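Engineer: Dropping a prediction and its sequence here:
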Amino acid sequence: MQSFLDYLSLECGLSKNTILAYRNDLTKFSAFMETWGLRRPKDVQPEHLNTFMSSEKEGGLSVNSICRNLVAIKQFYKYLVLEGKHQKDSLAVVDSPKLWKRLPGVLHWKEVEKLLSVSPSPAPLGLRNKALLEVLYATGARASEVTTLRLKDVDLEAGYLRCKGKGNKERIVPIGSQAQESLKRYLSEARPHLGGPATNPNKSSRVQSASGGKGSRGQKSKGSKVQVTRAAPDKVDWDGTVFLSRLGYPLRREDVWRIVKTYARRAGIKAISPHALRHSFATHLLERGADLRSVQEMLGHASIATTQIYTHIDRQHLKTIHKQFHPRG
């Protein structure tokens, strides 16, 4: 398996998170196959894979996760053929469970307005959170993409962001006037203060021994325990990361999730994830007449089929369109 994971990293350029997910999927599939007494990949037949997917579904695993499992397994078998370890890909005939797929969660535009109108937390964190939410909805960016966004990727004058998506593929996305203004205010009024005395009184890096003595960071006095305090940098740069934590460190994906969930609760709307804003971004564009190819490009999807799955046209909107344009509507 390790050679396959190395192939995904070195040859395919997949991210560490994707490779970790593939590893977990293959490990779980391998354990399931062993319960059938199947220890060699060549012994696995399509019916075994279908049974595995049905078992995952009955276990409550989401359709998207099951589909990802299937992708990981089928990629592994393609790799075995590519490397000459198998003569034939025995699982190529297994189709994705399309009929299981559910429409993604999407906010109504009024719910988005409520979310973006929530009174922010005290500055500078409030300005950061406001800019973060605006950027997520305005660009359809993934949580992982906004956490790795650099200052050099932002062109406020032109109104564009450069996002680095899955497989390190880059795309240029318009940001929109309201998100542009929120981001501009955050960068000028809030970001310079994150990690500073106002947000972190104990700013200087230090190492203290259990007896109260101080030493240099990373060193340990003989016979005493060393407590390392993670402190904010004296100068905020971090390769120019746009969104920073209170201590001046780059935000993590789990931080983005927490912020989105907190503001959704304050707005009085249903619990959502950052990806719901991505779905809403695509859906609202399509509802207002954007073509699917343009939305595909802004989302960074390699296949338009993926865009069709991620986007969801409201049924009432379709009914309105039908009534407006059909001869017998």
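Structural biologist: Right, received. Where do you want to start?
Engineer: phi, psi of Arg39?
Structural biologist: With angles defined as degrees, to the nearest 10, Arg39 sits at phi -110, psi -10.
Engineer: My read is that it contacts Met33, right?
Structural biologist: Yes. Using CB atoms under 8 Å, Arg39 and Met33 qualify as a contacting pair, with a distance of 7.4 Å. C-beta coordinates here come from the backbone N, C-alpha and C atoms, glycine included.
Engineer: low pLDDT regions in the stretch 51-200 of the chain?
Structural biologist: 93, 95-104, 196-200 (pLDDT under 70).
Engineer: what about Ser117, neighbour count?
Structural biologist: By the measure other CB atoms under 10 Å, the count of residues near Ser117 is 11.
Engineer: Touching, it and Ala267? I think so.
Structural biologist: Yes. Applying CB under 8 Å, one finds Ser117 in contact with Ala267, separated by 7.5 Å.
Engineer: what's the straight distance from one end of stretch 91-110 to the other?
Structural biologist: 45 Å (CA to CA, to the nearest Å).
Engineer: quick one: Leu49 and Ala92 touch, right?
Structural biologist: No. With contact taken as CB under 8 Å, Leu49 and Ala92 are classed as non-touching, separated by 10.8 Å.
Engineer: More neighbours: which of those two?
Structural biologist: For the pair Leu49 and Ala92, the greater number of neighbours falls to Leu49 (22 against 12), based on other CB under 10 Å.
Engineer: who's in contact with the more buried one?
Structural biologist: Residues near Leu49 by CB atoms under 8 Å, 6 or more residues apart in numbering: Leu70, Ile73, Leu91, Val94.
Engineer: Likewise for Leu61?
Structural biologist: Contact criterion CB under 8 Å, 6+ apart gives Asn69 as the residues in contact with Leu61.
Engineer: So which residues of the stretch 201-329 of the chain form strands?
Structural biologist: If you assign secondary structure with DSSP state E, counting those that start in this stretch, the strands in the stretch 201-329 of the chain sit at 206-209, 214-215, 226-229.
Engineer: What of the stretch 51-200 of the chain?
Structural biologist: Counting by DSSP E, counting those that start in this stretch, the stretch 51-200 of the chain has these strands, from start to end: 154-155, 160-164, 170-174.
Engineer: Burial-wise, tell me which of those comes out on top.
Structural biologist: Per-stretch averages of neighbours, counted by mean count of other CB atoms under 10 Å, single out strand 160-164 among those, with a mean of 20.
Engineer: Sheet partners, orientation included, of that strand?
Structural biologist: Next to strand 160-164 in the sheet, as set by DSSP bridges, lie strand 154-155 (antiparallel), strand 170-174 (antiparallel).
Engineer: returning to what we had before: make JSON lines from the contacts of Leu49 and add distance to Gln308 and neighbour count to it.
Structural biologist: Putting these into JSON lines (distance: CB to CB, whole Å; neighbours: other CB atoms under 10 Å) gives the following:
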{"residue": "Leu70", "distance to Gln308": "18", "neighbour count": "22"}
{"residue": "Ile73", "distance to Gln308": "23", "neighbour count": "23"}
{"residue": "Leu91", "distance to Gln308": "24", "neighbour count": "19"}
{"residue": "Val94", "distance to Gln308": "21", "neighbour count": "19"}
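Engineer: which ones among these are found in helices?
Structural biologist: Residues of these located in helices (DSSP state H): Leu70, Ile73.
Engineer: Nearest to Asp255 among the contacts of Leu49?
Structural biologist: Top of the list for closeness to Asp255, among the contacts of Leu49 and by CB to CB, is Leu70 at 30.9 Å.
Engineer: Please parse the chain into its domains.
Structural biologist: Domains of the chain are assigned by automatic domain parsing as 2-100, 109-196+236-323, 198-231.
Engineer: of all those, which gets the most neighbours per residue?
Structural biologist: With neighbours taken as mean count of other CB under 10 Å, the domains of the chain reach their highest mean count in domain 109-196+236-323, at a mean of 17.
Engineer: And the host helix or strand of Asn24, what does it pack against?
Structural biologist: Under the assignment given by DSSP states H and E, the secondary-structure element containing Asn24 is helix 16-34. Counting contacts by 3 or more CB pairs under 8 Å, 6 or more residues apart in numbering; DSSP states H and E, helix 16-34 is packed against helix 2-10, helix 46-58, helix 63-82.
Engineer: still on that earlier bit, now the strands paired with strand 160-164 in a markdown table, with distance to Leu125?
Structural biologist: Shown next, in a markdown table, are the strands paired with strand 160-164 (distance: least, CB to CB, whole Å):
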| stretch | distance to Leu125 |
| --- | --- |
| strand 154-155 | 19 |
| strand 170-174 | 25 |
